[in-house]
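In: quick one: sequence and predicted model below, then my questions.
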Amino acid sequence: MRSKLYSRTIVLIMFAMTGLPLSFAWAMVFTDWRPSEITAKGEFLETPIAWDTISTSPLAGEDGTWRLLVIEESCQSPCLDRLESYRRMHVALGRQSDGLSRVLLTKEQIDNQDSFLYLDKFSNLDADSVKDLKHKAWLVDPQGWLVMSFKAEQDAAELHKDILKLLKNNFQG
């Protein structure tokens, strides 16, 4: 016959295994606790921008995919280096890479040997919008809304983390 102490110990262990984690979870919800580090390295737009409000033509890229959009009047050496780092980041996405299209809007013709980089005309953009869109990389959802921006000097590894997490959780293709 087991002692009362043994029985009480078992009940206490069962409570500790189930009750304490639940108590902590409820405390986190009611105190609105948030982790101190945010995983998103890009900047979410408070008000997303619809592509058709800033351009007269449809956005290039595969239909139904997220798009990484770069808008530069002139794509010289720094821009080309950035595009190469985005190409490597795209390859690093592995199986998830089908959920992303990369698009460059520029005035100049560039030597594009990347078959997965879509080129489009800069002239189709609304002139007032262009100044706010240049020198950044934009993440555009499959419905054509600009939802997140990344600084031009931001490391492609940071974009990779954000985009991979997004594609794993939201890819509909």
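Out: Arrived safely, thanks for sending. All figures in this text were calculated on a predicted structure; none of them were measured in a lab.

In: could I have stretch 25-44 exported to CSV, CA atoms only?
Out: What follows is stretch 25-44 as a C-alpha-only set of coordinates in CSV (Å, rounded to 0.1, in the frame of the first residue of the first chain):
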residue,chain,number,x,y,z
ALA,A,25,0.4,31.4,-20.6
TRP,A,26,-2.7,33.1,-19.1
ALA,A,27,-0.5,35.6,-17.3
MET,A,28,1.3,36.4,-20.6
VAL,A,29,-2.1,37.0,-22.3
PHE,A,30,-3.6,39.2,-19.6
THR,A,31,-0.4,41.3,-19.0
ASP,A,32,0.0,41.7,-22.8
TRP,A,33,3.6,40.4,-22.5
ARG,A,34,5.6,40.5,-25.8
PRO,A,35,9.0,39.1,-26.5
SER,A,36,11.7,41.8,-26.3
GLU,A,37,13.1,40.8,-29.7
ILE,A,38,11.0,41.0,-32.8
THR,A,39,11.9,38.6,-35.6
ALA,A,40,10.8,40.8,-38.5
LYS,A,41,13.8,42.8,-39.7
GLY,A,42,11.8,44.7,-42.3
GLU,A,43,9.3,47.5,-41.6
PHE,A,44,5.7,46.6,-41.8
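
In: quick check: mean pLDDT of it?
Out: The average pLDDT within stretch 25-44 is 76.

In: what's near enough to touch residue 152?
Out: 78, 82, 135-137 (CB atoms under 8 Å, 6 or more residues apart in numbering). No exception for glycine: its C-beta is placed from N, CA and C like everyone else's.

In: cool, and residue 132?
Out: So, once contact is read as CB under 8 Å, 6+ apart, residue 132 ends up touching nothing.

In: quick check: it is in a strand.
Out: No: with DSSP: H, G, I helix; E, B strand; the rest coil as the criterion, residue 132 is assigned helix and is not in a strand.

In: for residue 86, see how far away residue 114 is.
Out: Residue 114 sits 9 Å away from residue 86 when distances are taken as CB to CB, to the nearest Å.

In: below-threshold pLDDT in this structure: ranges please.
Out: Within the chain, the segments meeting pLDDT under 70 span 1-2, 35-40, 124, 127-131, 171-173.

In: please, where are all the strands along it?
Out: 43-50, 66-71, 100-106, 117-121, 136-140, 145-151 (DSSP state E).

In: in JSON lines: the ones you listed, plus distance to residue 161.
Out: Converted to JSON lines, the strands of the chain look like this (distance: least, CB to CB, whole Å):
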{"stretch": "strand 43-50", "distance to residue 161": "14"}
{"stretch": "strand 66-71", "distance to residue 161": "14"}
{"stretch": "strand 100-106", "distance to residue 161": "14"}
{"stretch": "strand 117-121", "distance to residue 161": "21"}
{"stretch": "strand 136-140", "distance to residue 161": "13"}
{"stretch": "strand 145-151", "distance to residue 161": "11"}
